[in-house]
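>>> heads up, no residue letters with this:
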């Protein structure tokens, strides 16, 4: 065994399996540290070539050890072995490997690597059609799959929170910054992604003169005394506008994590830095790890990653690392990576490191090509980066508002400087960055070098792929990324982006900062989609509005459907729409139908300027409307396009009720409120949305009046006393009823509005009087029989009122109104405008498909418009349709071809009013 | 149109209370809600004006909603319409809202599942978005007690959101 | 997730707000003659500046319409200006 546990591990033993074999780890282990303690080194297979891989890192930077983990019936894909804490009974499997990571059948794919370079799939599977190959390729690709069982009961908590100072990172710099900020009286919140605080502290011999463990206890004690909140095992994965930080709280395995939306006054980033890989031949072999990872496994988990170690580094941490590993019993050889090209020898088992003709017989290589500060969150916050030649790294530049970076994240790789920065940040002082103590030797990929040199381990991108991309002119980093998939795996290039862009810089002979970085975007670590929606899923994603009568409708076997955000009866009965809708239409035409119209808007406009305001917002003239009367009209946008239609009732000299369409209440209310406050005197106009206080029932049909009279209202409902387009208020059982004589069906109709809590009584009384419930689909058929439009169905984003046959106000209305000037633009006068017409098949029998276009008879047909509504009319016994057709009204009676799925239907243009054109029934 | 009657669970009866650790959610009844708007309505209402985070300690009070609008809860009866003498627009909206009361040591923690609710940040209006719903949210006189008015059609959805969030309390 | 200051309610989450228009446009008096060009400018000419902008926003929960000055690049909010005078 190469890697093994050293000393006497304390902690509870935990049993687990990997690729079917049993192992034991101890509490506090990650899957990776536990496997290393058991001498297991191959923990996965690479994405494309199925090369054997072991962990490179010891935490979020590891690209290699990706596993599917199962425990207690819950299975999660895409678990990093290096960040998944071990639990009793875990069953882990390497992804992308079968039957096991150590022996993978597809390992043979690696032999074909010459043909599998960047762009291979784009170039090879073009002919005859990519889609022929896609399913098989998709099946081979990917890292793990989602099990259905996971989703059961997997529900994320979401919580909002605030603090004065948020410190991200619980290493020495973060702890000191948090301590000073909280001792200064600020409400401080510290986030650390490990289960324990400390970060790189344990890699130091002493901190501020104390042993690391004692020093850490002091800091924890001080934070507690000062009242700082410390959250461990949680990752700040994104910074959004105005210091909103998204934190994922991991919890135990299998439980959905919690999303904490933290609004911070000030943010201190102490996120540390990562070791960069060195690019040499076969640098992806199991047994090659970062120097830091080797030290963390030892300091944190008491695991020595190898017995014979080659330590290859270009920076100051090499000596202390070598000392630490030697003290634990390893034989460490330090090798200067700049002394000559290197190559790793061996396959699944490491045989040595070769340089300048000499092979060092090591089974482990620890490498560091310099440190890369973790500036992801800094970039999310809008911070700029600057290139530091001495450190060979991008460092935080000018501060974004209220965000500061300290310690290794800011390029302060030595402890004293890091702590000095942290103290300043904790006290809220500005401090300029120190000049670095050492200048490191640049150590970047050498294009043209021999052997296969890995840049992106997780996506199998090699130096040759970067060279190919450069040859094919994908030289911008953003193009390079997408062409080669560099940095696009779940690690998002934490270990690979710098090497990739440095390789491109060398190939093109440009300085690294000129090549630049790709955009850093949240999330910093993979998070389940679950945390983004939390409670807002399924029925709760966009909850429907519920009618007061829903239970009554359900009791009458209503088929319910969503219309404009409300759950409403579509029809009543269990035998399907085609059966029930015609019956309901005949009932309503022949006797009395009862329709729940509660969602209809009731926007009250009141005040001394109410009349002028309503006149201004409507296309139609409203100021001449007498109290107690109702008028139908349109609201337009300033472009002259119809926004909404409906009736407006004048309840008094200074009070109007606007009955906008059910699905437009919110938008119309906002539209009116904006105009009220901008361009009018808001102290003389007030708009109350009373839509939900009132429930509304429509009773329609020849028997409507008789049914309504059965309520014995103290009101004369005769046509003489209460004609069409009138409104009155009356009392019934100590409740106010507002009754409007308006009709959407074309028959005698009354709209009865009552406070929501009373509607059940009214519904029941009218049902007892013989009215039969009808759903929205029957109402849609009846209104089409009359040629009444539905906005958004029979109109589109270009329809103006004169296209619908309402040209009076355009020609005659005096005084300004919204959209007025737009109705006289050239486009509004175009004779080819689409106008509302009726359409009928020439044979009188064919139902025209809704949405089908009317086309010219030219060799290359052109659209003349389209069918907007189409139904079988139960009343007339034949199909009817409405449509928007170019210059349609002038072409009444003319034939027109309707094109549908390759076939042409012969139709003709007719009047849109199919039923009762004189309106005798309406005025009954 | 598709028949979705089985896809949407029927609204439940919300007359009972829901309990969770440190928390009780109860429906609250009010006798009258009156929407009053006018340039000087905040001065005209005779009821104590409730903003955030002040307490509604009486049975009758006026919620400050906007610059020129209050909602009188259990206030005197007014005639609907435009009151020219007092310069007030009046609408009875009693049935337009459902009331939910949340009480207990974990009440604020529950509220923070639905929005960023902070007692240190005062606001002159009690109107806000909560779990995506437009609500009126304010404190009652009893310790750790909050009342929410939500539009009637969303009563059931609000209860579902609160119940789901309460499952995460411990 | 931005925070916008409603002149009446104070700081609130951006989800409570609706962008209405760029500030500064005045509706032409449509009872007078307006050229097609002037009307088109009123309808469609939008500055969409990079950097400091003045916009009209509505706070949906309280209905207040106000002018918001902010930076369209850094998302910094500079100030909000009520369109209405405070009633004493």
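Alright, I've got the coordinates. None of these values were measured; they are calculated from a predicted model. Numbering: from 1, shown residues only, chains lettered A, B, ... in the order given.
>>> right, is stretch A:640-652 up against chain B?
Yes - counting by Cβ under 8 Å from any Cβ of the partner chain, chain B has neighbours in stretch A:640-652: A:651-652. (Each C-beta comes from the backbone N, C-alpha and C, glycine too.)
>>> state the distance from residue B:169 to residue B:109.
Distance, residue B:169 to residue B:109, using Cβ to Cβ, to the nearest Å: 7 Å.
>>> what sits in contact with each of the two?
Shared contacts of residue B:169 and residue B:109 (Cβ atoms under 8 Å, 6 or more residues apart in numbering or on different chains): residue B:22.
>>> give me the number of residues near residue 111?
Just so you know, I chose chain A. 10 (other Cβ atoms under 10 Å in any protein chain shown).
>>> please go with chain B instead
If we define neighbours as other Cβ under 10 Å, then residue B:111 has 21 of them.
>>> quick one: secondary structure of it?
Under DSSP: H, G, I helix; E, B strand; the rest coil, the three-state class of residue B:111 is helix.
>>> middle-most residue in the chain, spatially?
If you meant another chain, say so; for now it's chain A. Central residue of chain A (Cα atoms, centre = their mean): residue A:532, 7.2 Å from the mean position.
>>> let me rephrase: I mean chain C.
Note: chain C centre (Cα atoms, centre = their mean) maps to residue C:56, 0.8 Å.
>>> and whichever strand or helix holds residue A:643, which strands flank it?
Using DSSP states H and E, residue A:643 maps to strand A:642-652. Its sheet considered, strand A:642-652 pairs with strand A:630-636 (antiparallel), strand A:655-660 (antiparallel) by DSSP bridges.
>>> so, low pLDDT: which residues of the chain?
Picking chain A for this. A:1, A:140-143, A:148-152 (pLDDT under 70).
>>> not what I meant, chain C
In chain C, residues with pLDDT under 70: C:86-88.
>>> chain B: strands as residue ranges?
Taking DSSP state E, the strands of chain B run over residues B:18-20, B:23-28, B:33-37, B:49-50, B:55-56, B:61-66, B:69-73, B:81-83, B:88-92, B:97-103, B:127-130, B:133-140, B:145-151.
>>> and residue A:774, which of these is closest to it?
strand B:145-151 (26.2 Å; Cβ to Cβ).
>>> now the closest one against strand B:61-66, angle please.
60 degrees (axes from the mean of the first three to the mean of the last three Cα atoms, to 10 degrees).
>>> near chain C at all, strand B:145-151?
No - using Cβ under 8 Å from any Cβ, strand B:145-151 stays clear of chain C, coming no nearer than 12.3 Å.
>>> does that strand reach chain A?
Yes - against chain A, strand B:145-151 shows contacts by Cβ under 8 Å from any Cβ at residue B:151.
>>> in contact with residue B:142, which residues?
Contacts of residue B:142 by Cβ under 8 Å, 6+ apart are residue B:103.
>>> if we use 10 Å, what do you get?
For residue B:142, the contact set (Cβ atoms under 10 Å, 6 or more residues apart in numbering or on different chains) comprises B:55, B:57, B:101, B:103.
>>> could you find the closest non-adjacent residue to residue A:203?
Once flanking residues are discounted, residue A:203 sits nearest to residue A:295: 5.2 Å by Cβ to Cβ, 6 or more residues apart in numbering or on different chains.
>>> give me every residue that touches the one you found.
Residue A:295 neighbours (Cβ under 10 Å, 6+ apart): A:58, A:200, A:202-203, A:275, A:289, A:305, A:317, A:320-322, A:324-325, A:328, A:366.
>>> confirm it sits in a strand?
No - counting by three-state DSSP, residue A:295 falls outside a strand, being helix.
>>> gap between it and chain C?
Distance from residue A:295 to chain C, counting by Cβ to the nearest Cβ, to the nearest Å: 39 Å.
>>> and residue A:871, by the same measure?
From residue A:871 to chain C the distance is 37 Å (Cβ to the nearest Cβ).
>>> let's verify that residue: helix, strand, or coil?
Going by three-state DSSP: residue A:871 is strand.
>>> can you get me a residue count around the spatially closest residue to it that is not a sequence neighbour?
Of all residues not flanking residue A:871 in the chain, residue A:781 sits nearest, at 4.7 Å (Cβ to Cβ, 6+ apart). By other Cβ under 10 Å, 23 other residues sit near residue A:781.
>>> where's residue A:781, which helix or strand?
Assigned by DSSP H and E, residue A:781 falls in helix A:776-785.
>>> list the helices and strands that helix packs on?
If contacts are counted by 3 or more Cβ pairs under 10 Å, 6 or more residues apart in numbering or on different chains; DSSP states H and E, helix A:776-785 sits against strand A:558-563, strand A:566-572, helix A:577-590, strand A:593-596, strand A:694-700, strand A:863-873, strand A:878-886.
>>> so the longest one versus helix A:776-785, what angle?
Taking the same axes, to 10 degrees, one finds helix A:577-590 and helix A:776-785 inclined to each other by 60 degrees.
>>> the residue nearest to residue A:113 when sequence neighbours are not counted and chain B: what is the separation?
Sequence neighbours aside, residue A:49 is the residue nearest to residue A:113 in space, at 5.6 Å (criterion: Cβ to Cβ, 6+ apart). Counting by Cβ to the nearest Cβ, the gap between residue A:49 and chain B amounts to 44 Å.
>>> first vs last residue of stretch A:35-51, how far apart are they?
Between the opening and closing residues of stretch A:35-51 lies a distance of 19 Å (Cα to Cα, to the nearest Å).
>>> flag every buried residue along it.
A:35-38, A:40-51 (16 or more other Cβ atoms under 10 Å in any protein chain shown).
>>> what of stretch A:476-484?
Quick answer for stretch A:476-484 (16+ other Cβ under 10 Å): A:477, A:480-481, A:483-484.
>>> same check, this time on stretch A:186-197
By neighbour count on 16+ other Cβ under 10 Å, the buried set for stretch A:186-197 is A:186-194, A:197.
>>> with secondary structure and distance to residue A:372 added, can I get the residues you listed in a markdown table?
Below are the buried residues of stretch A:186-197 laid out as a markdown table (DSSP: H, G, I helix; E, B strand; the rest coil; distance: Cβ to Cβ, whole Å):
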| residue | secondary structure | distance to residue A:372 |
| --- | --- | --- |
| A:186 | coil | 30 |
| A:187 | coil | 32 |
| A:188 | strand | 28 |
| A:189 | strand | 26 |
| A:190 | strand | 23 |
| A:191 | strand | 21 |
| A:192 | coil | 20 |
| A:193 | coil | 17 |
| A:194 | coil | 19 |
| A:197 | coil | 23 |
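>>> out of these, which touch chain B?
residue A:187 (Cβ under 10 Å from any Cβ of the partner chain).
>>> let me know how buried residue A:792 is, in neighbour terms.
Residue A:792 has 17 nearby residues by other Cβ under 10 Å.
>>> same deal with residue A:354?
Neighbour tally, residue A:354, other Cβ under 10 Å: 18.
>>> try residue A:895
So residue A:895, with other Cβ under 10 Å, has 11 neighbours.
>>> what do you get for residue B:10?
That count, for residue B:10 with other Cβ under 10 Å as the rule, works out to 14.
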